[in-house]
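Enquirer: Predicted model, plus sequence, below.
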Amino acid sequence: MAQTLSDVYLYLGKRDKSGVRFLAKFMGREQLATRVGDIAPLQLPTGWAEQIEQIIFDSRLEWEPWVESADSFEELRSALKIRGFTNIPVNSQSEFTPANIQTPQVNMTHLPKKSTMIRRRG
């Protein structure tokens, strides 16, 4: 059975939840909100990975990177609001805009998984 692909957003959330910065949008399998320490498991194209890692490195004191999938940008905004984030951008314009327009598909199998008894979607 083939998994459907959805939009996967890589964003920076301010540590005190007072802001969100969208870094990039990819295609991939469904992923709950996950804090990532390293984006290498996403297996991004080399040029993309270097530039995104530099943005994350420059912002590391106040911001932390997250990966999350959503069917639409509005669905992602509402999920972020439910989790307590404020100052969420109104549009999905990302900070990192690649030279080519084609959105790559990312590999989400090596992202860390939280072990919890119950995990709700959304």
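Expert: Sure, I can see it.

Enquirer: Return the set of buried residues in the longest helix anywhere in the chain.
Expert: In the chain, with assignment by DSSP state H, the single longest helix is helix 46-58. Residues of helix 46-58 classed as buried: 48, 51-52, 55-56 (neighbour count, 16 or more other CB atoms under 10 Å). To be clear about C-beta, it is placed using only N, CA and C from the backbone, and glycine gets the same treatment.

Enquirer: all strands for this structure, in order.
Expert: For the chain, the strands defined by DSSP state E occupy 6-14, 20-28, 34-35, 63-70.

Enquirer: Tell me the buried residues in stretch 70-88?
Expert: By 16+ other CB under 10 Å, the buried positions in stretch 70-88 come out as 70, 73, 76-77, 79-80, 85, 88.

Enquirer: The longest helix of the chain to strand 20-28, inter-axis angle?
Expert: 150 degrees (axes from the mean of the first three to the mean of the last three CA atoms, to 10 degrees).
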